[in-house]
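**Student:** A predicted structure for the sequence below; I have some questions about it.
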Amino acid sequence: MEKNSFIWLAAAVAIGLGIIYFMRSGPLPGYEPVNVTVPELTAEAQAGRTIFEANCKKCHGKNAGGSRKGPPLVHKIYEPSHHGDIAFQMAVKNGVLSHHWPFGKMPPVPGVSEEQVTSIISYVRELQRANGIR
């Protein structure tokens, strides 16, 4: 085997092992999911919670507190003055390029209507307010 071929093979193995380690390890370095206080929710927010759990929880975590696959939505980055409600609507409809977190791109979420996203937003905003994010 040529020296260059060996170097490329070793690099590929190292990258592969790094990916396996990352996928099996805990949270991203410097990132911990948020412990979220859940208030008594309005009917609209409860409906949003159900939709969130079916479509968003796998990445954004329990009670929107984040996971290894996606950021917490109960975080100051997502406060209404920085990410207005329309940002959530657009994210679900069009997806989002990674820009605040190292999780990669968020794909669009097919099958979730604008009305359903409005309910999800109610849920997230009530969680945010209960956790000091205004």
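**Tutor:** The structure has been received and is ready for your questions. Since the model is a prediction, treat every value here as computed from it, not as a measurement. Numbering: from 1, shown residues only.

**Student:** Please make it C-alpha for all contacts and neighbour counts, starting now.
**Tutor:** Will do.

**Student:** ok, the most centrally placed residue in the chain to residue 113 distance?
**Tutor:** The C-alpha lying nearest the average C-alpha coordinate of the chain belongs to residue 70 (Cα atoms, centre = their mean; 2.8 Å). Distance, residue 70 to residue 113, by Cα to Cα, to the nearest Å: 21 Å.

**Student:** how about the helices in the protein?
**Tutor:** Secondary structure of the chain (DSSP state H): helices at 3-24, 43-55, 57-60, 85-94, 114-130.

**Student:** Kindly export stretch 92-109 (C-alpha atoms) in CSV.
**Tutor:** Extracted as CSV, the C-alpha positions of stretch 92-109 are listed here (Å, rounded to 0.1, in the frame of the first residue of the first chain):
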residue,chain,number,x,y,z
VAL,A,92,-41.5,24.1,10.2
LYS,A,93,-42.5,25.0,6.6
ASN,A,94,-39.0,25.5,5.1
GLY,A,95,-36.5,24.0,7.5
VAL,A,96,-33.6,26.0,9.0
LEU,A,97,-29.9,26.3,8.3
SER,A,98,-27.8,25.7,11.3
HIS,A,99,-26.8,29.1,12.7
HIS,A,100,-27.0,29.3,16.5
TRP,A,101,-26.2,25.7,17.5
PRO,A,102,-23.9,22.9,16.2
PHE,A,103,-26.8,20.4,15.5
GLY,A,104,-26.8,20.8,11.7
LYS,A,105,-29.8,21.8,9.5
MET,A,106,-33.4,21.4,10.6
PRO,A,107,-35.4,19.8,7.8
PRO,A,108,-39.0,21.0,7.1
VAL,A,109,-41.6,19.2,9.0
